[in-house]
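Student: I would like to see how this sequence folds:
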Amino acid sequence: MKKTFWVTLVIAMVSFMSMGCMTSQLWEDKVTYTPYSETIDAFLLNAKNDETIFLGKKYHYIFDANPQFGYLLKHRENASITFNVSQGARFQAENDTLNARFSVTIDSKTIDQELQEWINDNHVSLNPKTKVYTIPISLKGKRYFSDRYVNEKAQQLSKEIYITVNEVKKEGSPVVVKILGTPIAVAADGVMFVVGMAIFIPVVIATSGH
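Tutor: Sure thing, here's the model as predicted:
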């Protein structure tokens with residue numbers, strides 16, 4: 001009886017240790033980050049649901065709505081707002097998904113009353129030295145292979161914006177998602193739209209990109 005108990009215990013311990021090794025190996029799968037440079041030709045905004053599109057030369061990036069970012073885009077003509085989508089920004093892609101982090105700054109010295117009220121409601125902090133408000137923005141979305149024709153028909157930015165995207169690759173990962181071609185099309189009158197979905201309008205913003 002005792003012998004059987006100890007044999008069973010040893011087997012259980014070995015099995016547990018083996019599971020631990022396997023779990024550790026799964027967590028320690030090698031992850032590599034391969035950066036690529038992207039040039040943004042234009043921005044589009046869905047006026048209905050605040051989806052944002054970055055038209056890049058390599059990919060088109062369609063981001064889900066972000067309430068704060070959507071509000072700021074609608075007030076993009078305000079001279080106090082700067083969209084820092086290049087400097088200090090972080091873009092990370094894995095398969096067809098993309099996460100973006102950057103900031104929008106607002107100069108308190110030239111702000112209007114409406115924007116000031118929005119800042120107060122959203123509890124945005126002011127840098128006492130620079131007198132600038134900073135709003136961190138996080139976006140999630142999908143990327144699609146670009147279409148040169150779409151980019152050429154889009155309202156171009158006054159200057160190209162350059163970003164760096166870190167592409168995540170996990171060794172041994174069984175998940176491989178095929179990146180599709182852009183769903184953005186151009187109508188005969190030049191209006192851009194996502195096939196089967198809403199119409200997008202061009203967006204021109206003030207940025208700190210070079």
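Student: what's the helix or strand hosting Leu44 packed up against?
Tutor: Using DSSP states H and E, the element containing Leu44 is strand 31-46. Packing partners of strand 31-46 (3 or more C-beta pairs under 8 Å, 6 or more residues apart in numbering; DSSP states H and E): strand 52-56, strand 161-170, strand 199-203. The C-beta positions use only the backbone N, C-alpha and C, and glycine is treated the same way.
Student: show residues contacting the longest one.
Tutor: Read that as strand 161-170. 29-40, 56, 85-86, 89-94, 98, 207, 209-210 (C-beta atoms under 8 Å, 6 or more residues apart in numbering).
Student: now these: which count as buried?
Tutor: The neighbour-count test (16 or more other C-beta atoms under 10 Å) marks Glu38, Ile40, Gly56, Val85, Ser86, Ala89, Phe91, Ala93, Glu94, Leu98, Thr207, Gly209 as buried among the contacts of strand 161-170.
Student: helix/strand/coil for the fifth one?
Tutor: Same thing as Ser86. At Ser86 the chain is in coil, as set by DSSP: H, G, I helix; E, B strand; the rest coil.
Student: with Lys74 as the reference, measure out to it.
Tutor: Counting by C-beta to C-beta, to the nearest Å, the gap from Ser86 to Lys74 is 21 Å.
Student: what about Lys58, how many neighbours?
Tutor: Residues contacting Lys58 under the criterion other C-beta atoms under 10 Å number 13.
Student: list the contacts of Gln68.
Tutor: Contact analysis of Gln68 by C-beta under 8 Å, 6+ apart lists Asn122, Ile135, Ile137.
Student: with adjacent residues omitted, what lies nearest to Glu114?
Tutor: Leaving aside its sequence neighbours, Glu114 sits nearest to His75 (C-beta to C-beta, 6 or more residues apart in numbering; 7.8 Å).
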